[in-house]
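# Let's see this in three dimensions:
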Amino acid sequence: MIFTVFRHAAYDSPWWAFPSARSGRFHRGSRDTAQYLCLHPHLCLHPLGPAAEMLRHNVGPDGDPDQLILNLWTAVIEIGDVTRVDFADCEYHGLTADELVGDDYRRTQELAAAVAAGGAAALIVPSAALPGTDNLLLFGPRVLNPFLRPPLSSDEIRTGRLTDAGRSPLEVAPHVRWNGVPHSAVEQWKATGSYDAFDDPPAGRW
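As a prediction, this is how the structure comes out:
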């Protein structure tokens, strides 16, 4: 499968070659090397995902979105063995829908470790920050490869830089799921058995 993805990184590369010292939703600090990327349902990219993640973790509902500085990258990834876990089948993996997008990372870290141990190269899960979109998690180290140069190994990812100290799109903030707030896609799934894909809002600046 070929994915085109976005992510934010304030470094000279958006990829982790070694484990991060800080734990995250699907990795344990100083133990797991993982790459977090933003997708739209049906395996299409969504460019608002990185802004939503950064606003949720660094600005909050009472902050000024324009104080967020985004360094966006895009990448093209070709990968074969991908596991998808959604609200409808997460109980098979030992999680509830709330836990899958929750703020307690112990259960999602256990999920990622089990999926990786089973041989999958990547995991697709609902985004916790932007309901109606997905995240792609790549297991293991990756390194930057120029966007138009064919990679020489599976660890090299065709990557291009998009912004340098850019502002987040104005229209994304009203759609961010903030910490401690119910996840709208989970609530819709509980009520109806399905949930809507994210509907792109009109641009707030032009």
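
# what comes up buried for the top helix by length along the chain?
Using DSSP state H to define each element, the chain has its longest helix at helix 106-117. Within helix 106-117, the residues scored as buried using 16 or more other CB atoms under 10 Å are Arg107, Thr108, Gln109, Glu110, Leu111, Ala112, Ala113, Val115, Ala116. (Each C-beta comes from the backbone N, C-alpha and C, glycine too.)

# same check, this time on stretch 5-12
Val5, Phe6, Arg7, His8, Ala9.

# Also stretch 148-164?
Pro151, Glu156, Ile157, Arg158, Thr159.

# Within the helices and strands, which one has the residue most central in space within the chain?
Residue closest to the mean C-alpha point of the chain, counted by CA atoms, centre = their mean, is Asn135 at 3.5 Å. Here Asn135 sits within strand 134-139, counting by DSSP states H and E.

# Counting by contacts, list what the helix or strand following that strand packs against.
Using DSSP H and E, the helix or strand that follows strand 134-139 in sequence is strand 143-146. Counting contacts by 3 or more CB pairs under 8 Å, 6 or more residues apart in numbering; DSSP states H and E, strand 143-146 packs against strand 156-161.

# Tell me if Val172 really is in a helix.
Yes. Checked against DSSP: H, G, I helix; E, B strand; the rest coil, Val172 lies within a helix.

# Surely it touches Ala51?
Yes. In this structure, Val172 is within contact of Ala51 by CB atoms under 8 Å, at 4.8 Å.

# With that, I have no additional questions.
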